[in-house]
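Enquirer: Give me a 3D structure for the following:
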Amino acid sequence: MAMLPAVVGDTHGISLPSRYTIRPIDRSVAAWAKALSIEGFMLRPSIWQPLVPKPRTANALRAFTALEGHFAHSINSGLCFGIFDREYEFRRAKSTSQGGDLYWHELDPDHDDFEIIGEKQMIDAMDFPLVCVALSVDAFDRKPDDASRALYECMPLVKALGTYLARLDKRPASSRQPDARGEVMIRSGCVTKLGYEGRGLMTALNHFVMLEAKARGYGAVTAGIGSPTVYRSWMNAPVGCLSSVIAYFDIWGIELEDEEGSLVRPYADSGVSREGWLIWCDLRS
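Expert: Reported below is the predicted structural model:
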């Protein structure tokens, strides 16, 4: 039987239906959080999806191993949380007996038809009750170099995207760069499991993260957002938290320099939302 992380003791007034619980993401459920993040970021329209090289579905599955260090940087921070469904209906008997499991190890990204059948296989193999996840890191903690290299090898344009987004923040470095741990938190991604959208889980979890960061003494949380729904959840922050837009950008118009030195527009005609925002949430208001 899977031992889930303990339910958080203080939800800071965030209310959910009784079937749902907020729990920290730790190593016991790290694989679930990583799989849900990869499925959400790489197989659905997102800021990452157009940057995944083809064959996209196969490379999304390969990313589960390749990006171990990238996701561990967040999960090991102690700043990641998820919503779990007590009434989740398991697909497999093994999952029922264990309280959930991930079966991506059974899949073959080199199968001739994986680009056709792989996405459904990956979704069906995510048989666990984690239904929403929010990943964060402390802005003072540097990601290990090997984890960054693996991310850039997996998606070469990600490095150029990071440089592009960093240039949008025109504030003095002294006003946004922390001098120590516990000052600024970076919300690095939030995904809701397919079939659970529209239930308010993402908003509830994002608001919990803001209030939890505030309770831990953080002064601010920053987030890059490419979804109007997520944007609304951040701009309607709970009492004691005040979000402002650092920068607005047209995602479709982003130009990045690829490995050959050519300028490309990966988001044009990609199906992702057009509007993007960099958000700064002040927790000392």
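Enquirer: give the contact list for the spatially most central residue of the chain.
Expert: Compute the mean C-alpha point of the chain, and by CA atoms, centre = their mean the closest residue is residue 189, 2.4 Å away. Neighbouring residues of residue 189 by CB atoms under 8 Å, 6 or more residues apart in numbering: 37, 40, 41, 74, 133, 134, 135. From N, CA and C alone the C-beta is placed, and that goes for glycine too.
Enquirer: same for the helix or strand hosting the fourth one, what does it pack against?
Expert: Assigned by DSSP states H and E, residue 74 belongs to helix 68-75. Contact partners of helix 68-75 among helices and strands, from 3 or more CB pairs under 8 Å, 6 or more residues apart in numbering; DSSP states H and E: helix 30-42, strand 130-138, helix 145-154.
Enquirer: Report the secondary structure state of the most far-flung residue of the chain relative to its centre.
Expert: The outermost residue of the chain relative to its centre, with distances by CA atoms, centre = their mean, is residue 112 at 29.6 Å. Following DSSP: H, G, I helix; E, B strand; the rest coil, the label given to residue 112 is coil.
Enquirer: roughly how far apart are it and residue 149?
Expert: Going from residue 112 to residue 149 by CB to CB, to the nearest Å gives 30 Å.
Enquirer: Then residue 92?
Expert: 36 Å.
Enquirer: for residue 207, same thing?
Expert: 35 Å.
Enquirer: Repeat that for residue 85.
Expert: 36 Å.
Enquirer: Please apply the same query to residue 253.
Expert: Applying CB to CB to residue 253 and residue 149 gives a distance of 29 Å.
Enquirer: between these two, who's got more neighbours?
Expert: residue 149 (13 against 10; other CB atoms under 10 Å).
Enquirer: follow-up on the earlier one: mind pulling up the pLDDT for the residue farthest from the centre of the chain?
Expert: Predicted confidence (pLDDT) for residue 112: 97.
Enquirer: and the nearest residue to residue 125 once chain neighbours are set aside, what does it touch?
Expert: Closest residue to residue 125 in three dimensions, ignoring its sequence neighbours and counting by CB to CB, 6 or more residues apart in numbering: residue 103, at 3.8 Å. Residues in contact with residue 103, defined by CB under 8 Å, 6+ apart, are 92, 125, 127.
Enquirer: swap in residue 201?
Expert: Contacts of residue 201 (CB under 8 Å, 6+ apart): 16, 20, 83, 131, 132, 192.
Enquirer: Now render those as a markdown table, adding neighbour count.
Expert: Below are the contacts of residue 201 laid out as a markdown table (neighbours: other CB atoms under 10 Å):
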| residue | neighbour count |
| --- | --- |
| 16 | 16 |
| 20 | 21 |
| 83 | 24 |
| 131 | 22 |
| 132 | 27 |
| 192 | 23 |
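Enquirer: which residues sit against the following helix or strand past the helix holding residue 74?
Expert: The helix or strand immediately downstream of helix 68-75 is strand 81-85, counting by DSSP H and E. With contacts defined as CB under 8 Å, 6+ apart, strand 81-85 is touched by 4, 8, 16, 19-25, 29, 32-33, 129-134, 196, 201, 204-205, 208-209, 212.
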